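[1] Got a predicted structure here, sequence first:
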Amino acid sequence: MPAVLWRDPGAIASLDLLNGEGGANDAPDPHAEYTFIKEDLSGTSTKFNLQDSNGVKWLAKLGVEARPETAATRLVWAAGYFTDEDYLLPQIHVKGLVKLHREMFGASPETGIVRNVRLKREGEDLKKVENWDWSDNPFVGTRELNGLRVMMALMNNWDLTTKNNKVYATESERHFVVSDLGASFGKTQWPPSRVPLFPHGTKGSLKDYEDSKFVRAVKGGTVAFEMHTTAPFFIREFDHTYFDEYKQAEQVVRGIPIADAQWIGHQLAQFTPQQIRDAFRGAGYQPDEVDGFAKVIERRIATLNQLKE
């Protein structure tokens, strides 16, 4: 089956960034009855599977990643890449909710109330077949992969590990997806796991996002973007394998041909101000946060379109 990373999104300015890839038709019903199925202990976030009263299955995520991941999927999808169908609901009721092994962020087993929850629609026609690596995949050297690398830098997504990249098989194609975008719109640094008392990368932090630098250097026809994921040696001593994987993330956003950065910049420049703000509205951010995040995005898109050889 052919491998596909990107498709021409067509008239970008007409896309619905409030609801994302699935649109309003696929959006979960906030008033539906949801039934708990099981906890998902993969990754580090609090997640569990559930099903709504219409028979649709969802993967719920709680915590700090819920909002930034929802906003990020909107932007990545509208740029032409495959993403998950994510929605943010301020509150749902889950029947049979049990006490989870991980932090429940205000979700109550007693009442079944779950607040600020990201719901990912579980497509019946998609099957995960493998993970893919940023430096070893069918698209290495293409403008489409380089454009996706720029997107990760634009959003400050620092969790660029192979386990977050998935290949989904349909009946006729293999879709290459960055399936976990929750570590976006904050400060890039090494993750909090393993050494939580030290400074670390943040997620969905407007101040950190506003204060962060975007372009690191332009040289020899290529551009390098800022990505700080290399922990000091005394931190790496805690777990070499773990921290070396994050160190490699810095290479994902370096050595990108300027022409390819300009190409994705041209794609993103087709967003209207309303669309960019809709991406963050759909993720449940407050009006001042919506405008703040959007202004950073707009500045970064302008920077991409001002790059010169």
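    Everything's here; your move.
[2] in the chain, which spans are helices?
    Along the chain, the segments classed as helices by DSSP state H run 23-26, 66-78, 143-154, 206-211, 233-236, 240-247, 249-252, 258-268, 273-281, 287-306.
[3] can you redo those as a markdown table with distance to residue 192?
    Any C-beta I mention is one placed from the backbone N, CA and C, and that applies to glycine too. Output for the helices of the chain, formatted as a markdown table (distance: least, C-beta to C-beta, whole Å):
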| stretch | distance to residue 192 |
| --- | --- |
| helix 23-26 | 33 |
| helix 66-78 | 15 |
| helix 143-154 | 19 |
| helix 206-211 | 13 |
| helix 233-236 | 11 |
| helix 240-247 | 11 |
| helix 249-252 | 15 |
| helix 258-268 | 30 |
| helix 273-281 | 23 |
| helix 287-306 | 21 |
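[4] Show me the one of these that comes nearest residue 132.
    Between residue 132 and the helices of the chain, the shortest gap by C-beta to C-beta is with helix 143-154, which sits at 10.3 Å.
[5] Can you dump the C-alpha atoms of that closest one in CSV for me?
    Output of helix 143-154 as CSV, limited to C-alpha atoms (Å, rounded to 0.1, in the frame of the first residue of the first chain):
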residue,chain,number,x,y,z
ARG,A,143,9.4,19.2,1.3
GLU,A,144,6.4,17.6,2.9
LEU,A,145,8.4,16.0,5.7
ASN,A,146,10.5,19.1,6.1
GLY,A,147,7.3,21.1,6.3
LEU,A,148,6.1,18.9,9.1
ARG,A,149,9.4,19.4,10.9
VAL,A,150,8.9,23.1,10.7
MET,A,151,5.3,22.7,12.1
MET,A,152,6.8,21.0,15.1
ALA,A,153,9.2,23.9,15.7
LEU,A,154,6.4,26.5,15.1
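[6] Lowest mean pLDDT across the helices of the chain, which one is that?
    The minimum mean pLDDT among the helices of the chain belongs to helix 233-236 (a mean of 84).
[7] Give the buried residues for that one.
    Using 16 or more other C-beta atoms under 10 Å as the test for burial, helix 233-236 gives residue 236.
[8] Now stretch 109-116: average pLDDT?
    Averaging pLDDT along stretch 109-116 yields 96.
[9] any idea which residue sits dead centre in the chain?
    residue 181 (1.8 Å; C-alpha atoms, centre = their mean).
[10] Not counting its neighbours along the chain, what's nearest residue 133?
    Distance criterion C-beta to C-beta, 6 or more residues apart in numbering; nearest residue to residue 133, sequence neighbours excluded, is residue 162 at 5.0 Å.
[11] What is the burial count for the one you found?
    Using other C-beta atoms under 10 Å, residue 162 has 15 neighbouring residues.
[12] ok, the residue of the chain most remote from its centre - contacts?
    In the chain, counting by C-alpha atoms, centre = their mean, residue 110 sits farthest out from the average C-alpha position, at 31.4 Å. Shown in contact with residue 110 (C-beta atoms under 8 Å, 6 or more residues apart in numbering): no residues.
[13] Please repeat the previous calculation with a cut-off of 10 Å.
    Taking C-beta atoms under 10 Å, 6 or more residues apart in numbering, we find residue 110 in contact with 97, 99.
[14] Please enumerate residues in contact with stretch 138-150?
    With contact meaning C-beta under 10 Å, 6+ apart, stretch 138-150 is reached by 2-7, 76, 79-81, 132-134, 137, 160, 174, 176, 178, 222-223, 225, 251-257, 259-268, 300, 304.
[15] Just the buried positions in that stretch, please.
    The neighbour-count criterion (16+ other C-beta under 10 Å) identifies 139, 143-150 as the buried residues of stretch 138-150.
[16] ditto for stretch 246-253
    Applying a neighbour-count criterion of 16+ other C-beta under 10 Å, one finds 246, 248-250, 252-253 buried in stretch 246-253.
[17] Turn those residues into CSV, columns for distance to residue 199.
    Formatted as CSV, the buried residues of stretch 246-253 follow (distance: C-beta to C-beta, whole Å):
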residue, distance to residue 199
246, 14
248, 20
249, 17
250, 17
252, 21
253, 20
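[18] For residue 214, state which of the residues you listed is nearest.
    Distance to residue 214, by C-beta to C-beta, is smallest for residue 253 among those, at 10.1 Å.
[19] Show me the domain layout of the chain.
    What automatic domain parsing lists as the domains of the chain is 22-121, 127-306.
[20] is it possible to export the ones you listed to JSON lines including distance to residue 13?
    Formatted as JSON lines, those follow (distance: least, C-beta to C-beta, whole Å):
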{"stretch": "domain 22-121", "distance to residue 13": "10"}
{"stretch": "domain 127-306", "distance to residue 13": "5"}
